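Colleague: Predicted model and sequence below, questions to follow.
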Amino acid sequence: QLQLVESGGGLVQPGGSLRLSCVASGFSLDNYVIGWVRQAPGKEREGVSCFSSQYDRTDYANSVKDRFTFTRDNARNTVYLEMNRLIPEDTAVYYCAAARGVPLYRLCVPDSFDSWGQGTQVTVSS
């Protein structure tokens, strides 16, 4: 059974940093597209950063480029989202998501994913 479990969210001041973790079980990261998707109150889901092992490519939303970094540890079947220079607009629930057979042009489209974690809240506020 495929399972994704996120952790690492919390309250941070603007300009601060957080690292989110997502532990995957029941499948190998090598065979899936895996990504981070966030949803702020009253807003649509947004693909933040996504990785395809098939295409060896990592995509980022324009709003987080140069601030967020996606990494993975295949030995631990875990992916991370390093978030730096956080701003209040980054406040959202962050979800880890996975899917197979995602074409490159839909790599970080939220509707591409069919397996989701429970989410972790990130709040950026002074």
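Modeller: Cool, got the structure.
Colleague: Check the separation of the first and last residues in stretch 113-126.
Modeller: Terminal residues of stretch 113-126 are spaced 33 Å apart (CA to CA, to the nearest Å).
Colleague: just how off-centre is that stretch within its chain?
Modeller: 8 Å (CA atoms, centre = their mean, to the nearest Å).
Colleague: Counting neighbours, which bits of that stretch end up buried?
Modeller: Across stretch 113-126, burial judged by 16 or more other CB atoms under 10 Å covers 113, 115, 117, 119, 120, 122, 124. From N, CA and C alone the C-beta is placed, and that goes for glycine too.
Colleague: Surely residue 11 and residue 126 touch.
Modeller: No: Residue 11 sits out of contact with residue 126 when judged by CB atoms under 8 Å, with a separation of 10.2 Å.
Colleague: picking up where we left off before, widest-spaced pair of the buried residues of stretch 113-126?
Modeller: Maximum pairwise distance among the buried residues of stretch 113-126 (CB to CB): 27.1 Å, between 115 and 124.
Colleague: low-confidence ranges in this structure?
Modeller: Low-confidence segments of the chain (pLDDT under 70): none present.
Colleague: one more time with 90, if that's ok
Modeller: Residues of the chain meeting the criterion pLDDT under 90: 1-2, 26-31, 53-54, 74, 101.
Colleague: Just list the residues touching the spatially most central residue of it, thanks.
Modeller: By CA atoms, centre = their mean, the chain has its centre lying nearest to residue 36, at 1.6 Å. By CB atoms under 8 Å, 6 or more residues apart in numbering, residue 36 lies in contact with 20, 22, 47-50, 70, 79, 81, 94-97.
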